[in-house]
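Undergrad: Show me how the following folds:
(one chain, ligands or ions: 1)
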Amino acid sequence: MASPLLLEPTRDGLWCEAGEFHVDPWRPVARAVVTHAHADHATPGCGRYLASRNTLEVMRARFDQNLEGEVLEWGQARDLGGCSVSLHPAGHVLGSAQVLIRHGNESWCVTGDYKCEPDPSCEPFEPVQCDTLLTECTFGLPIYRWDAPERIFEAMNAWWRSNAAQGRTTVFLAYAFGKAQRILAGLDPSIGPIGIHGALTGPTEVYREAGIALPDTLRADRTTAEDLQGGGAIICPPSATGTPWIRRFNGPGGLRLGFVSGWMQVRGRRRWQSVDRGFALSDHADWDGLLRTIRGSGARRIGVTHGSTRVLARHLREHEGLESFEVPTRFTGEPPPSTGGGDEA
Ligand SMILES: [Zn+2]
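TA: Now for the predicted structure:
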């Protein structure tokens, strides 16, 4: 490396020696700067948190109502040790931030998860200039290219309308924080009532309080089942598939399951035999979005993490003339979708 690393991978995650803090640590540490409130980025039990206002609110809703943390407003610089730290919207989920760290003449940006497509349910992605960019690459393969979100929502609403006409209750399987609220913001409530699983209520409330316009929802349970059967749409985590809970919403024509995830672009139906439809709506940058962001940052040195790191790192060296390296991730192996309560994609 030409210069010492401002951020280094350690057993607890990314560590900034000069500022004495971790970014998205994997285990409880003294001071954590958190990009966003998904479980693979936000760890409960740290001594001090620095994050965006909405990230802290979602962390409270998900982990601990009494969680304390310092809010860093967008673009505001905060001195930590010998560093200056600022947060910039990442466009991934409500509150999601890129972390820009300046030290001496050097600047590093950690993107966290991000996407470049428009999404009315969160703050829009903001390009950040830096010397070294640590970018996620969950979908860092050229096969991943997203359709425009409005087209995907048109397809989702058309599917719901057609199901409702046949007395089939529509179920959208989606992770409870981020994707679920984005779906909610894009559904057409004139088609029928919308029910949400209990796991979604806390995060959804944070979105409403943050001023994100979402249609009215019912809590999907025994008391609302009759209202939702047939013409309704229900949003619930993938883990609810096959449970007695979901069967209670059967309409006269049964249920139709749609999985909403970037993974649906290539492997949806093969992995998820039980779903009727896949919608490739992702909250991560696709291949073009990654390259556009990397080029736009002006960075000469690129660290890649979370996903197809080897392919992207090599592409950057061979085709973009950039220095690149892989940054270890907490989770390795096969990424989502899973039936567990995990986040993402
Ligand atoms: Zn995320």
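Undergrad: Return the residues of the protein in contact with the ion.
TA: Residues of the chain found near the ion (CB under 5 Å from the ion) are 38, 113. Bear in mind the C-beta positions are built from the backbone N, C-alpha and C, glycine included.
Undergrad: for the chain, what's the longest helix?
TA: helix 149-165 (DSSP state H).
Undergrad: Mind listing residues that contact that helix?
TA: 117-119, 169-170, 172, 183, 186-188, 191-192, 230-233, 253, 256, 258, 260, 277, 279-281 (CB atoms under 8 Å, 6 or more residues apart in numbering).
Undergrad: can you check stretch 305-324 too?
TA: With CB under 8 Å, 6+ apart, stretch 305-324 has contacts from 2, 113, 134-141, 290-291, 294-295, 299-304, 325-329, 335.
Undergrad: before we move on, back to that, can you pull the buried residues of the longest helix of the chain?
TA: Of all the residues in helix 149-165, those buried under the rule 16 or more other CB atoms under 10 Å are 149, 152-153, 155-157, 159-161, 163-164.
Undergrad: So what's the gap between that helix and the chain middle?
TA: 22 Å (CA atoms, centre = their mean, to the nearest Å).
Undergrad: Residue numbering should commence at 615 henceforth.
TA: In the new numbering, first residue 615, that becomes helix 763-779.
Undergrad: Could I get the average pLDDT for it?
TA: Averaged across helix 763-779, the pLDDT comes to 98.
Undergrad: now do stretch 782-800
TA: Taken as a whole, stretch 782-800 has a mean pLDDT of 97.
Undergrad: May I have the distance across that stretch, first residue to last?
TA: Counting by CA to CA, to the nearest Å, you get 20 Å between the two ends of stretch 782-800.
Undergrad: Just give me how far it sits from the chain centre.
TA: Put simply, stretch 782-800 sits 13 Å off its chain's centre (CA atoms, centre = their mean).
Undergrad: likewise stretch 774-793?
TA: Relative to the centre of its chain, stretch 774-793 is centred 20 Å away, using CA atoms, centre = their mean.
Undergrad: can you give me the end-to-end distance of that stretch?
TA: One end of stretch 774-793 to the other measures 17 Å (CA to CA).
Undergrad: Report the buried residues of that stretch.
TA: Using 16+ other CB under 10 Å as the test for burial, stretch 774-793 gives 774-775, 777-778, 782-793.
Undergrad: Also stretch 904-918?
TA: Buried residues in stretch 904-918, counted by 16+ other CB under 10 Å: 904-905, 907-908, 911, 913, 915-918.
Undergrad: Name the nearest of those relative to Ala691.
TA: When these are compared for distance to Ala691 (CB to CB), Ser911 wins out at 18.3 Å.
Undergrad: For the ion, see how far away that closest one is.
TA: 19 Å (CB to the ion, to the nearest Å).
Undergrad: In this structure that residue contacts Cys744, no?
TA: Yes. Ser911 is within contact range of Cys744, at 5.6 Å (criterion: CB atoms under 8 Å).
Undergrad: what sits in contact with each of these two?
TA: With CB under 8 Å, 6+ apart as the test, Ser911 and Cys744 both reach Cys723.
Undergrad: Just the closest of the buried residues of stretch 774-793 to the ion, please.
TA: When the buried residues of stretch 774-793 are ranked by distance to the ion (CB to the ion), Gly792 comes first, at 6.7 Å.
Undergrad: Now that closest one: closest residue in space that isn't a chain neighbour?
TA: Excluding the flanking residues, the one nearest Gly792 by CB to CB, 6 or more residues apart in numbering is Val707, at 3.4 Å.
Undergrad: Using the centroid of this structure, identify the residue furthest from it.
TA: Centroid-distance maximum for the chain: Pro866 at 34.9 Å, with CA atoms, centre = their mean.
Undergrad: Mind checking what secondary structure the residue nearest to Gly792 has?
TA: Classification of Val707 by DSSP: H, G, I helix; E, B strand; the rest coil places it in coil.
Undergrad: ok, now which ones touch it?
TA: Contacts of Val707 by CB under 8 Å, 6+ apart are 650-652, 672, 727, 735-736, 791-793, 795-796, 897.
Undergrad: Save those as JSON lines, and put in secondary structure too.
TA: Below are these laid out as JSON lines (three-state DSSP):
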{"residue": "His650", "secondary structure": "coil"}
{"residue": "Ala651", "secondary structure": "coil"}
{"residue": "His652", "secondary structure": "coil"}
{"residue": "Val672", "secondary structure": "helix"}
{"residue": "Asp727", "secondary structure": "coil"}
{"residue": "Ser735", "secondary structure": "coil"}
{"residue": "Cys736", "secondary structure": "coil"}
{"residue": "Phe791", "secondary structure": "coil"}
{"residue": "Gly792", "secondary structure": "coil"}
{"residue": "Lys793", "secondary structure": "helix"}
{"residue": "Gln795", "secondary structure": "helix"}
{"residue": "Arg796", "secondary structure": "helix"}
{"residue": "Asp897", "secondary structure": "coil"}
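Undergrad: got any ranges where this protein has weak pLDDT?
TA: For the chain, the stretches flagged by pLDDT under 70 are 615-618, 881-887, 945-959.
Undergrad: where exactly do the helices run in it?
TA: Using DSSP H, helices in the chain cover 667-676, 763-779, 793-800, 812-823, 839-842, 858-861, 882-885, 901-911, 923-933.
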